[in-house]
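> need a structure here:
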Amino acid sequence: MTRRPGLIAAVMLALTFVVGGLAGMALEEALGLDWFDFLDEDNRASESQLLGGLDLTENQRDQIEEILDKQENDLENYWESRIPDMRAIIGRSYEDIRGVLTPEQRQTFDERIRSRGIQVPRDPDG
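Residues are numbered from 1 along each chain as shown. All right, here's what the predicted structure looks like:
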């Protein structure tokens, strides 16, 4: 079997970023942080451009605020619904990586996955 350390290193690096990103998202959720806080300032500026100078009534402002709150909730629900798809993609990647590794490497790889609280993919060979 020809070893490709550069390829394996690149895959492991990419995998680290993906797992790190998902872990960060999970931490934000666990701490009750809003995933879209970073968009709030941009949204306010955009809303100001769209709605500024329209001389809205209090009732209109209230209704628009409700619409924008619903939009934010819908976007959060959309991204939360994507998490199973992202996990499936990562799981397939783990399976593919395991197929490249020797049994000894696979054992170490599996231990590293478990240490991150992630389920090790099923071994199709038993």
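
> just the strands in this protein please.
For the chain, no strands are identified by DSSP state E.

> most centrally placed residue in it?
Closest to where the C-alpha atoms of the chain average out (Cα atoms, centre = their mean) is Leu22, at 4.4 Å.

> that one touches Ile90, doesn't it?
Yes: Leu22 sits in contact with Ile90 when judged by Cβ atoms under 8 Å, with a separation of 7.1 Å. In this view, the C-beta of every residue, glycine as well, is placed from N, C-alpha and C.

> tell me how far Asn77 lies from Gln71.
Note on Asn77: its distance to Gln71, by Cβ to Cβ, to the nearest Å, is 11 Å.

> what's the answer for Ala26, then?
Going from Ala26 to Gln71 by Cβ to Cβ gives 24 Å.

> low-confidence ranges, the protein, go.
Residue ranges of the chain with pLDDT under 70: 1-3, 27-45, 121-126.

> which helices and strands sit right next to the longest helix along it?
Identified as the longest helix of the chain according to DSSP state H is helix 58-100. On a contact count with 3 or more Cβ pairs under 8 Å, 6 or more residues apart in numbering; DSSP states H and E, helix 58-100 meets helix 5-30, helix 37-51, helix 103-115.

> possible to save those helices as a markdown table with distance to Ile83?
Conversion of the helices and strands packed on helix 58-100 to a markdown table gives the following (distance: least, Cβ to Cβ, whole Å):
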| stretch | distance to Ile83 |
| --- | --- |
| helix 5-30 | 8 |
| helix 37-51 | 19 |
| helix 103-115 | 18 |
